[in-house]
Structure formats: structure tokens, C-alpha cells
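A.B. asks: test case, fold it:
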Amino acid sequence: MSTAELLMDQDDIDWFITATLENDLLTTFGEDDRDLGICPYITFYVYNQPNEYMQVAEKMHALFDEFSLLIDEPWQKKWKDITQVWLKAGDKRLPDDWRPAAIRSQARGRVHFMRATDASGPMVSPRWGISGVVDEGYRCYSTLKLTFRHKWFNQNKERWYAFVEHCLNVLQPEHCYSGFEVGNGGFNLMGAYEADVLERICADYFYGMDIDHPDAMGFQYHGNENGYVSHLRLGAGLRTPTWSFLLSPLWRSRLGKTEAEVREFLNDPRIQITALPYPVGPHNPNAENALWIRLGELDLYPVAQGLPDLLIKANELIKPIRCDELQLLTLDPWDDDPNPRFDYESSLRWMRRFDENSDWPSPEIRQPLLTASVDNSLQSGRCPANSPCLETGYWYTPAKQNSRALFKQGELMPNFPGSSYGATIWYWDGNQD
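C.D. replies: Numbers count the residues shown, from 1 in each chain. So this is what the prediction gives:
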């Protein structure tokens, strides 16, 4: 596209937001080679020493193979690391053994990549995608990013959770985030202007959308002798959670809370917390557990439906160690850019969108929702499945046709886990006749 023209006018935006919610996140926007949409992802940020380079590569390649057995659509493109090119899956030029490429990259002081996508190219949002990046560890986290198909996830949740827990046990990352994003697959090292624009547009409409750019966010500088940590990168703190996240021993120590205190703070039947044993290491001298935390169901949380109480609660927990100044763009802004993109001020507001004094996305939209809180979700007319009914009356859910039904206060709201809509969320019916 031309960066002197609007990517989307208001009609395009209205269509995309509506179609995304109604079409099980299969809606995309853009040109054939840069077709973008919203999809779920998970990224693991691994802290490693230079002498652990090949160990991390071994782990990531093993997980690459396991992930490839999980997907229900074939890879279309794979990355050849030695020549730094994308090839069609099955191309005879793709090596059977990845080790020579990793050894060569390490010897030259470079990162080692392992990548694949089910899309037609790396600039298209994948439904299945994997990007592993092994770094020496002096300045950057090694990262493994997985994009997964939303419909498959809704039909295989327990299988997915077991695989993620396996990945966490194998990699023992320092950060891990999962949720919805404008699908970038972790491939766009030189930045993707269209994705930056679509992220900024969607951020006004979805509280539950995340922004994850491992190549830009993964600097940590823990190995730097002078102790410098960039306040613009994840080495400085946690990102605002939008669904599941990790509280590693390092960050729980900096938060100053015990495992029991974290569990008490997040005591809610909709929140799942899994303890994962981490060994003694530079950032875990006492062999403390990491905590993998899932905040209810995977949900985009449209702004029109009100503030999500679980995300407010998690934000309150991690606020003391939150990386408020995290850099969200893959490309620096320039004057006269006609498209909306994050800048320093809007990035700060977005990272702080669940704070009590926030005005995100605007004071006019936010003001009627300020009374919605952790203890009063009825203000937004929204009640997740498997939680008590907030008030006696008629409720309905888009997850099931003809779902309108009368519920009594305190009654457990039903769940429809096989729905193609996604998470089962019940809404107060404005017509109570």
C-alpha cells in the first residue's frame, strides 16, 4: 500500500470489526500478499546464556516438530535459515538436519531462525504459524511464537492447554503471553506498516487485543555488565495481560508477593493458576515456582460491552512491575502519516487502559463504563459462563442460537464450549418482558 493514503476509512473499519466478531475471526483485510486479520497466539520469551544456545535450539526444534503434528492445515511456506529465504513446504532445498544452520549462526554471532506458516507468505496473517528465534542471550530473549487456529482451539482446548504447559516446562521462559492479536506470526523483522495501522485501529474497539512483536520487544540486557535495562522493552517489566500470562520467579520476586499471596489476590473461580517448577538459576536462586495464569475464557472483549473485570484484576496485580513505556511500533512514526498508529502518549494510555483513572479509548466512551468493577459486572450487562448469574432475569448468548432464557441470581451460567463463536458470554436482555 501507499503510506500516503488511508489504509481503512470508517466504512472499512466498521465492516472489519463487525465481520471479525460474526465470522469466527476468519475476516481479513488488505492485499493478497499482505492480508491481515485477528487471530490467537502465544509467545514464550526465554532467558538464556551464550553457552545454552544449542540447548535452546534443540528444545525449540523439538517443539516445532510437536506443533507440526498438532495443526489441522499443512504448512505452505518454511524458512531456510542458511540462505535466509522462504521456500514452499516440501522443497528439496529445505535441509533435513537443522543443526548445521544453527551451528553456523552461533559461530557468526547471529540469531538462528525456525519458521513456518500456513499462509501464502510471511506478510499474511497465518492461522497456523511458528517463529522460533535463538539468541546468544547477551541482549535479547530467545523467543518462540505460535499462532493457532481459533476454530481448532475451541474444539481442542484441553489438548492445547496440555501442549502449552509442556512448552512452559521445556522452555521455562521469563515471559509468556497469549491472547488475540493482529496476526503477524513473528516474521516481520523489518516491520509491517499495515499491521501497525490495523493494531492501532482495533485497539479502540477491543479491550482484549494484545500487541506482540518479539523481535522488537525481546531486548532484555540482563547480561549487560552495567546493568542497563531498556524501559521500552520487556526486560523492564510485564505487559498488560489480555488472557493468559506467566509470572516467573524473577517477576514474582520483583513484585514482592509469595505464591500464596498471588493466588489469594486472584481468587476467582474463572481464573486458573498452574504452578510450574523452575530450577535454581541466576533469576531464581531459591528454585521458586512459576505461575501460569489463565484469565477466564479467550475473548476479544469488545469495548462496547464494557470493561472486563478479570483483566482489571490482573492489571492491578502486575501494575507495580508493568512495562508502561513498552514500544508498540515495529516502524518509527514519521510526520504527515495519514494513518493512525501508536505513539509514545497513546502507547502509555493503552498499557494503562485497565487503571481506574484511564480514559481509553476516549472519555466519551469510557465514562459510562467507569462504574463497572471487579465486584459489579452487571453495569456492563455481561456475565461469563460458569460464573453466578448477576441478577434474576432474561439473558442471552451469541454462542448458541435461540439462547434467551430466564436465570435466577446466583445460578451458574451455562457454557457451550464447542461453539464456533468462541467464549460463551451471557448478556442481559434489554427486553425483560
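A.B. asks: any low-confidence regions in the stretch 51-200 of the chain?
C.D. replies: Under the criterion of pLDDT under 70, the regions of the stretch 51-200 of the chain flagged as low confidence span 189-191.
A.B. asks: so this protein: which segments form each domain?
C.D. replies: By the assignment in automatic domain parsing, the chain contains the domains 10-364, 381-428.
A.B. asks: gap between the two ends of the first one?
C.D. replies: Using Cα to Cα, to the nearest Å, the end-to-end distance of domain 10-364 comes to 18 Å.
A.B. asks: same check on stretch 244-253?
C.D. replies: The first and last residues of stretch 244-253 sit 19 Å apart, counting by Cα to Cα.
A.B. asks: again, but for stretch 199-211
C.D. replies: Start and end residues of stretch 199-211 are separated by 7 Å (Cα to Cα).
A.B. asks: ok now it, how far from the chain's centre?
C.D. replies: Its chain's average C-alpha position is 11 Å from that of stretch 199-211, according to Cα atoms, centre = their mean, to the nearest Å.
A.B. asks: can you list the neighbours in contact with that stretch?
C.D. replies: Applying Cβ atoms under 8 Å, 6 or more residues apart in numbering, the external contacts of stretch 199-211 come out as 8, 13, 17, 38, 41, 177, 179-182, 239, 242-243, 299-304, 307-308, 311, 328, 339-342, 346, 350, 353-354, 361-362. Where you see a C-beta, it was placed from the backbone N, CA and C, and this is true even at glycine.
A.B. asks: hey, which of the domains of the chain is tucked in deepest?
C.D. replies: Ranked by mean neighbour count under mean count of other Cβ atoms under 10 Å, these are led by domain 10-364, which reaches a mean of 18.
A.B. asks: please compute how far that one lies from its chain's middle.
C.D. replies: That offset, for domain 10-364, works out to 5 Å (Cα atoms, centre = their mean).
A.B. asks: hey, where'd the helices end up in the stretch 251-400 of the chain?
C.D. replies: With DSSP state H, counting those that start in this stretch, the ranges of helices along the stretch 251-400 of the chain come out as 259-265, 309-318, 344-351, 363-366.
A.B. asks: lowest-confidence stretch among those helices?
C.D. replies: Taking each of the helices of the stretch 251-400 of the chain in turn, the lowest mean pLDDT turns up on helix 363-366, with a mean of 80.
A.B. asks: picking up where we left off before, filter the contacts of stretch 199-211 down to the ones in strands?
C.D. replies: The members of these that map onto strands under DSSP state E are 38, 41, 177, 179, 180, 181, 182.
A.B. asks: which two among the residues you listed are spaced furthest apart?
C.D. replies: In the ones in strands among the contacts of stretch 199-211, the most distant members under the criterion Cβ to Cβ are 38 and 177, with 15.4 Å between them.
A.B. asks: tell me the predicted confidence for residue 289.
C.D. replies: Per the predicted model, pLDDT is 97 at residue 289.
A.B. asks: separation between the closest residue to it other than its chain neighbours and residue 267?
C.D. replies: Among residues not flanking residue 289 along the chain, residue 275 sits closest, at 4.3 Å (Cβ to Cβ, 6 or more residues apart in numbering). Taking Cβ to Cβ, to the nearest Å as the measure, residue 275 and residue 267 are separated by 15 Å.
A.B. asks: can you tell me which residues contact the residue nearest to residue 165 when sequence neighbours are not counted?
C.D. replies: Sequence neighbours aside, residue 274 is the residue nearest to residue 165 in space, at 6.4 Å (criterion: Cβ to Cβ, 6+ apart). With contacts defined as Cβ under 8 Å, 6+ apart, residue 274 is in contact with 165, 291, 292, 293, 294.
A.B. asks: what is the nearest of those to residue 28?
C.D. replies: residue 294 (27.3 Å).
A.B. asks: model confidence for the closest one, exactly?
C.D. replies: In the prediction, the pLDDT value recorded for residue 294 is 98.
A.B. asks: show me what it is bridged to.
C.D. replies: Taking DSSP bridges, one finds residue 244, residue 272 as the beta-bridge partners of residue 294.
A.B. asks: who's in contact with residue 432?
C.D. replies: With contact taken as Cβ under 8 Å, 6+ apart, residue 432 is in contact with 393, 394.
A.B. asks: which residues in the stretch 1-150 of the chain form helices?
C.D. replies: Taking DSSP H, counting those that start in this stretch, the helices of the stretch 1-150 of the chain run over residues 10-22, 53-70, 99-107, 150-155.
A.B. asks: what's the closest of the ones you listed to residue 231?
C.D. replies: Among these, helix 53-70 comes nearest to residue 231, with 26.0 Å by Cβ to Cβ.
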